[in-house]
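Enquirer: Mind looking at a prediction? Sequence and model below.
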Amino acid sequence: GWRAGAIRLGAAVAVVAGLAGLAASVGPRVLTGDAAARAALETWLDPLAVRCWTVCAGALLVTTAAASLWRPPLPGTLVAQARRGFERVPPTGRAIVAIAFGVVALAAPLALLRALVMAAGALGILWGVAALLRRVAPPAARSSPAAGVSAPRHPRRVSPRRAAVAAGAVGVAAAALAFALSTSGAAPVKVGRCNGSAALCDRTLDEVVFLGTHNSMSADGEPGWLFAAQNASIAQQLDDGVRSLLIDTHYGFQTPRGVATDLDHDSKSREKITFELGEAFIETAQRLRSRLGFTGDEPREIFLCHAFCEVGATKAVDALEQVHEFLVEHPEEVLILSIEDDTEPQDTARLIRDSGLIHNVYEGPAGPPWPTLRQLIQHNERVLVLIENQPGDEPWMHRQDTVAQETPYAFATPAELAAPDSCAPNRGGDAGSLLLVNHWVDTSPAPRRSIAGEVNASAFLTERLTRCRHERRLLPTIVAVDFYRDGDAFEVVDTLNGLTS
C-alpha cells in the first residue's frame, strides 16, 4: 500500500540525490587539474552538493522510518541508555573519551556545540517522523497474554484526513532537516581567484586597484543617451573587467519620448553643471524637456542621469539589477559602487534593496584594517557602497568623503590633467584610507573618445598614477576613466596590481 510506495519513492530520491551529490563533490577534481579552475568549480558546485546530500539524508530518514515503523524511545530513555553504555566502558577508555571531548571543546567550542545541536535536531526529527508514521500504520497487534494466542492481524483503518496530515508532517520534517543542514555552514565558500587573480585574494581592499568608469550609465549605444562617456553598457563593462562604477541618481518622469527631470527637486549636480556650462546649456535641456510630452501626471521614479535626464537616462533599478546578476554569476568578484546621489537617502537605500544588491553589500566598518578580498567573497559582502551627499542611517551606506580621498576632476585639457597639481587633495582631503583618482578630461556636454584614448594611454596614465601615489602616499584604489576601452587602462591597472610580468 502507501508504505511500499513511500519506501520506493524515498529510496529513489535518496539514490538520485546521492549520485548528484557525489558528482558535485568529486566533479571538480575529475574535470580539471588546475587548482584555480578547480576552486572556481567548487565555488559553484559545493552549495549544490550540500543540498543534494541533505535531500538524500531526508529521503533516507523517511524511508527508514516508513520501512521499520520502530517505536521511538523517549529522549530520557536515550540519555539513560547512553549513560549505561558509558559506564560499561573501562575506566581507561572513559578517561580517553573525556580528554578527547575536553580538547575538542577547548579547540573548537562553537563547532562542537553546533554538532551537538544538529545531532539533537536530527534525532528529534527522526523521533517525530517515526511517531507520525506509527499513527498512520501501526504494527500488527501482539499476542494476547490472557488468551495465549495471537490476535488476528486486522490493521486499524486509517482515515484519508489522518494520512494526509501525517504525510504532510513527514514532508515538513524532511524539509526542515534539509534546511537545517544546508544553512549550517557545512560547506564554506572556496575561493580560487579574486577579481580574476589568485594573487589578489589575500590583499586587503585598500591594497587593490579597481578600474572604474566615470558616469558609468552614460554608455555608447544605450537608448536615450545623447552624450556617451563610456564604450558600452554597465553589464558589458562588468563583463570586460571594470570593477568600480561611478553613477548619479536623479528623480525623473518617464514619458513616451524620454525621461523628464524632476525640476522641483533641489539638485546638487544640476547646480554644479550650471556653474560649469552656463545657463545656455540649461535652457537647451529645458527646451528638450518641453518636447518630451511631459504632462505632470507620470509617476516619479529614480533614474541614472548626468544632472539632466532629458539628455540621457537609465532606469536605476534595472541597471543595479544587472550589477546584482553579475555578482550572482561571478561569485569571486568584488566591486566598489560610488553614487552621486540627488535622491533622498531612504530612496537610495530602497533602490539598493529593490535591485537585489542588498544581498551583496559590505556591512563592516569602512576603514582600516580593511578585510581581504577573500574575506569579502566568503561573507558575500562584495560591494562597497559609497555615497557622495546623504548616506542616511543605513550602516552599509558610507559617506564617500570620509572613506576616500579624491583628486580634482575638472580638467579642460590633457595638459591640465598632466599638470603637477592634478593630484592635489580634493573632496575628502587627506583623511580617507582609499584614494579615488579622477582621470578624464571634461569636454561637456560631449566627452571625446580621441581625448580619452590619449589620456588613457599607458605612458600618460602610468605617469599620473605614479605621481599621485607618491604625493598622496596611497595606492590608487579607484582609477576612474572615460571610454574605458580606449587606451591601456586595463593594462596599467594590472601593472599597479603586480599582475603583469
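Expert: Great, that's in hand. On a predicted model such as this, the values are computed, not experimentally measured, just so you know. Numbering: from 1, shown residues only.
Enquirer: Mind pulling up the pLDDT for the closest residue in space to residue 412 that isn't next to it in sequence?
Expert: Nearest residue to residue 412, sequence neighbours excluded (C-beta to C-beta, 6 or more residues apart in numbering): residue 442, at 6.4 Å. No exception for glycine: its C-beta is placed from N, CA and C like everyone else's. pLDDT, residue 442: 94.
Enquirer: contacting residues around residue 442?
Expert: Residues in contact with residue 442, defined by C-beta atoms under 8 Å, 6 or more residues apart in numbering, are 276, 409, 410, 411, 412.
Enquirer: Which of the residues you listed scores worst on pLDDT?
Expert: Among the contacts of residue 442, residue 276 has the weakest pLDDT, 59.
Enquirer: Strands along the stretch 151-300 of the chain, start to end?
Expert: 210-213, 244-255, 258-261, 300-304 (DSSP state E, counting those that start in this stretch).
Enquirer: If I average pLDDT within each of those, which one is lowest?
Expert: strand 258-261 has the lowest average pLDDT among the strands of the stretch 151-300 of the chain, namely a mean of 84.
Enquirer: That one - which strands sit beside it in the sheet, and in what orientation?
Expert: Sheet pairing of strand 258-261 (DSSP bridges) gives strand 244-255 (antiparallel).
Enquirer: got the angle between the strand it pairs with and strand 300-304?
Expert: 140 degrees (axes from the mean of the first three to the mean of the last three C-alpha atoms, to 10 degrees).
Enquirer: so how far is strand 244-255 from its chain's centroid?
Expert: The gap between where strand 244-255 is centred and where its chain is centred comes out at 22 Å by C-alpha atoms, centre = their mean, to the nearest Å.
Enquirer: Pull out the buried positions in it.
Expert: 244, 245, 246, 247, 248, 249, 250, 251, 252, 253, 254, 255 (16 or more other C-beta atoms under 10 Å).
Enquirer: what does stretch 415-429 give?
Expert: Here stretch 415-429 shows 417, 422, 423, 427, 428 as buried, counting by 16+ other C-beta under 10 Å.
Enquirer: Could you export those as CSV, including distance to residue 391?
Expert: Output for these, formatted as CSV (distance: C-beta to C-beta, whole Å):
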residue, distance to residue 391
417, 29
422, 28
423, 26
427, 14
428, 14
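Enquirer: Using CSV, please lay out those residues together with distance to residue 210 and pLDDT.
Expert: Listed next are the buried residues of stretch 415-429 as CSV, based on distance: C-beta to C-beta, whole Å; pLDDT from 0 to 100:
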residue, distance to residue 210, pLDDT
417, 20, 97
422, 20, 97
423, 18, 97
427, 18, 91
428, 16, 88
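Enquirer: ok, so of the residues you listed, who is nearest residue 310?
Expert: residue 427 (27.1 Å; C-beta to C-beta).
Enquirer: give me the element residue 459 is part of.
Expert: In this assignment (DSSP states H and E), residue 459 forms part of helix 458-472.
Enquirer: The next helix-or-strand element following that helix pairs with which strands, and in what direction?
Expert: Next in sequence after helix 458-472, counting helices and strands by DSSP H and E, comes strand 478-481. Strand 478-481 sits in its sheet next to strand 210-213 (parallel), strand 434-439 (parallel), going by DSSP bridges.
Enquirer: From the rest of the structure, what touches strand 478-481?
Expert: Contacts with strand 478-481, where a contact means C-beta under 8 Å, 6+ apart, come from 209-214, 244, 246, 336, 338, 404, 434-440, 452, 455-456, 461, 465, 487, 489, 492-493, 496.
Enquirer: can you list the residues that contact the following helix or strand past it?
Expert: As assigned by DSSP H and E, the chain's next helix or strand after strand 478-481 is helix 489-496. Residues from elsewhere that reach helix 489-496 (C-beta under 8 Å, 6+ apart): 209-211, 241, 456, 458, 461-462, 465, 475-476, 479, 481, 484, 500.
Enquirer: on that earlier part again, of the buried residues of stretch 415-429, which belong to helices?
Expert: Counted as lying in helices by DSSP state H, out of these, are residue 417.
Enquirer: how much space between residue 62 and residue 20?
Expert: For residue 62, the distance to residue 20 (C-beta to C-beta, to the nearest Å) stands at 18 Å.
Enquirer: who has more neighbours, those two?
Expert: Counting neighbours by other C-beta atoms under 10 Å for residue 62 and for residue 20 shows that residue 62 has the greater number, 27 against 17.
Enquirer: picking that back up, which pair of the buried residues of stretch 415-429 spans the longest distance?
Expert: 417 and 428, at 19.3 Å, using C-beta to C-beta across those.
Enquirer: quick one: low-confidence ranges for the stretch 151-300 of the chain?
Expert: 151-191, 265-297 (pLDDT under 70).
Enquirer: And the helices in it, which stretches?
Expert: With DSSP state H, counting those that start in this stretch as the criterion, the stretch 151-300 of the chain has helices at 160-182, 234-240, 268-277, 279-290.
Enquirer: From what I see, residue 486 and residue 451 are in contact.
Expert: No: using C-beta atoms under 8 Å, residue 486 is not in contact with residue 451, being 9.1 Å away.
Enquirer: and residue 96, what element?
Expert: Residue 96 belongs to helix 91-107, assigned by DSSP H and E.
Enquirer: tell me the mean pLDDT over that helix?
Expert: pLDDT averaged over helix 91-107 gives 81.
Enquirer: Could you give me the buried positions within that helix?
Expert: In helix 91-107, counting by 16+ other C-beta under 10 Å, buried: nothing.
Enquirer: What is that helix packed up against?
Expert: Using 3 or more C-beta pairs under 8 Å, 6 or more residues apart in numbering; DSSP states H and E, the elements in contact with helix 91-107 are helix 109-136.
Enquirer: let's see 10 Å
Expert: Judged by 3 or more C-beta pairs under 10 Å, 6 or more residues apart in numbering; DSSP states H and E, helix 91-107 is in contact with helix 75-88, helix 109-136.
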